[in-house]
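J.: Pasting a predicted model and its sequence here:
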Amino acid sequence: DTGVSQDPRHKITKRGQNVTFRCDPISEHNRLYWYRQTLGQGPEFLTYFQNEAQLEKSRLLSDRFSAERPKGSFSTLEIQRTEQGDSAMYLCASSFSSGSVEQYFGPGTRLTVT
Amino acid sequence: DQQVKQNSPSLSVQEGRISILNCDYTNSMFDYFLWYKKYPAEGPTFLISISSIKDKNEDGRFTVFLNKSAKHLSLHIVPSQPGDSAVYFCAASGLYSGAGSYQLTFGKGTKLSVIP
């Protein structure tokens, strides 16, 4: 399977704990995106990388959120001091670099903060 | 404010009939539109897209129509099959319009149920 993969698929954590999610994009894609989806809503953009450079961040990405893509391949999204409002599905997507708009999504990581 | 609106939360259609899912947008900088299908516990799957220079794009049973003046697009599925039952998201991009952003802006989705 050469699609986008995400790990873990589910994460339950207590409020105040830190969590880290991983995304492996489609291998020939050099753009990588993170989105968050809450119940009854569509995915909301968080941030975007081209290779290892983080080029765009949403105002939704508070100081407690940090994303990295150190070698331009996989990416991690860390949430520090989790709050109950962080409970959501975190989706990763990737795309080709040549002006392609279509983004291909992974299965997501469902975070529950208790 | 919701820049991409899907005003119908749900739609039920008989198998074999046409399904029409609607989407409206408010941002005139959007110039590329996409439809995604999502099954429970899976990520969204890209279905079909359309550039603002076109008014129609077809791919098999799926056709997307774009009315720029009305800022409206629709997805037609003909004939509808039970396996089409899923949540459908409309998404928009302003990549080529000068906004220069790669982010997609999504609607809230429409849950399609195709009844056998």
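T.: Structure's in. What do you need? Numbers count the residues shown, from 1 in each chain, chains lettered A, B, ... in the order given.

J.: For chain A, what lies in contact range of chain B?
T.: Counting by CB under 8 Å from any CB of the partner chain, chain A comes close to chain B at A:4, A:6, A:31, A:33, A:35, A:40-45, A:48, A:55-56, A:58, A:91, A:93, A:95, A:99, A:101-108. For every residue, glycine as well, the C-beta is placed using N, CA and C.

J.: residue boundaries of the strands in chain B?
T.: B:4-5, B:10-14, B:19-25, B:32-38, B:45-51, B:56-59, B:62-67, B:72-77, B:86-93, B:105-106, B:110-115 (DSSP state E).

J.: May I have the beta-bridge partners of the most centrally placed residue in chain A?
T.: Closest residue to the average C-alpha location of chain A: A:Trp34 at 3.3 Å, with CA atoms, centre = their mean. Taking DSSP bridges, one finds A:Thr47, A:Cys92 as the beta-bridge partners of A:Trp34.

J.: what do you get for A:Thr76?
T.: With DSSP bridges as the rule, A:Thr76 is bridged to A:Arg22, A:Glu68.

J.: List the residues that contact it.
T.: By CB atoms under 8 Å, 6 or more residues apart in numbering or on different chains, A:Thr76 lies in contact with A:20-23, A:67-69.

J.: What residues does B:Glu42 make contact with?
T.: Counting by CB under 8 Å, 6+ apart, B:Glu42 has contacts A:107-108.

J.: Residue numbers of chain B in contact with chain A?
T.: In this structure, chain B approaches chain A at residues B:4, B:32, B:34, B:36, B:41-46, B:49, B:89, B:91, B:93, B:95-96, B:101-109, judged by CB under 8 Å from any CB.

J.: What distance do you get for the residue nearest to the centre of chain A to chain B?
T.: Relative to chain B, A:Trp34 is positioned 10 Å away (CB to the nearest CB, to the nearest Å).

J.: related to what we said a few turns ago, any of the contacts of A:Thr76 buried? List them.
T.: A:21, A:23, A:67, A:69 (16 or more other CB atoms under 10 Å in any protein chain shown).

J.: B:Asp59: which of these is nearest?
T.: Nearest to B:Asp59 out of the buried ones among the contacts of A:Thr76 is A:Cys23 (CB to CB; 27.4 Å).

J.: Which residue is the nearest non-sequential neighbour of the closest one?
T.: Spatial nearest neighbour of A:Cys23, chain neighbours left out: A:Cys92 (3.4 Å); criterion: CB to CB, 6 or more residues apart in numbering or on different chains.
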